[in-house]
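# For reference, the sequence and a predicted model appear below.
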Amino acid sequence: MKSLLLSLLFVSFVFGFETDKWLHNYDKALELAQKEQKNIYLFIGADKCHFCKMFKEKTLSKPKVIQRLHKDYILIYLSRDRHFIPNKFQKFGVPRHYFLNKDGKILFESFGVLEPKGFFILLDEADLNALH
């Protein structure tokens, strides 16, 4: 029983981004971003994407990454297999990373698997673009 609980805790930690303050509806995220005066981080993936899973495990499972994202952004995860994705975003070549202002304007975009250090560089670049 104890090992089952530990396993469940581990799975929820690794994949906690799915349920931990991530939205799955673009319009609701825009409303919240405008209300909270925050920019948006949109992560587009696919359910059976090996690289998306790798990004979640290597980067989004790190507390420092998630803390910074929660502090500065409204978080959206859209799976091209389950969620509506507006036409202005690419659905293929995932994982895709979009940084948007509170009105949904794309400030910066990238794709691929990034280690935490590389993702922090991406966040810094997105923050610089948000200033212009």
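Everything's here; your move.

# so who does the closest residue to F111 other than its chain neighbours touch?
Residue nearest to F111 in three dimensions, not counting chain neighbours: R96, with 4.7 Å by Cβ to Cβ, 6 or more residues apart in numbering. For every residue, glycine as well, the C-beta is placed using N, CA and C. Going by Cβ atoms under 8 Å, 6 or more residues apart in numbering, R96 touches L42, F43, I44, G45, F89, Q90, E109, S110, F111.

# measure R96 to S110 for me?
From R96 over to S110 the distance is 8 Å, taken as Cβ to Cβ, to the nearest Å.

# one step back: show me which of the contacts of R96 are buried.
L42, F43, I44, G45, F89, E109 (16 or more other Cβ atoms under 10 Å).

# Sheet-wise, list the partners of the one helix or strand the second one maps to with their directions.
Taking DSSP states H and E as the definition, F43 sits inside strand 39-45. Sheet neighbours of strand 39-45, with direction, are listed as strand 73-79 (parallel), strand 96-100 (antiparallel) (DSSP bridges).

# And the contacts of the longest one?
Right, strand 73-79. Strand 73-79 has contacts (Cβ under 8 Å, 6+ apart) with 17-18, 21-26, 29, 32-33, 36, 38-47, 69, 84-85, 89, 99.

# Please export the C-alpha coordinates of that strand as CSV.
The C-alpha trace of strand 73-79 is given here as CSV (Å, rounded to 0.1, in the frame of the first residue of the first chain):
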residue,chain,number,x,y,z
TYR,A,73,2.2,33.6,-16.6
ILE,A,74,-1.2,32.2,-17.1
LEU,A,75,-0.5,28.6,-18.2
ILE,A,76,-2.3,26.8,-21.0
TYR,A,77,-1.7,23.2,-22.2
LEU,A,78,-3.5,22.3,-25.4
SER,A,79,-3.2,18.8,-26.8
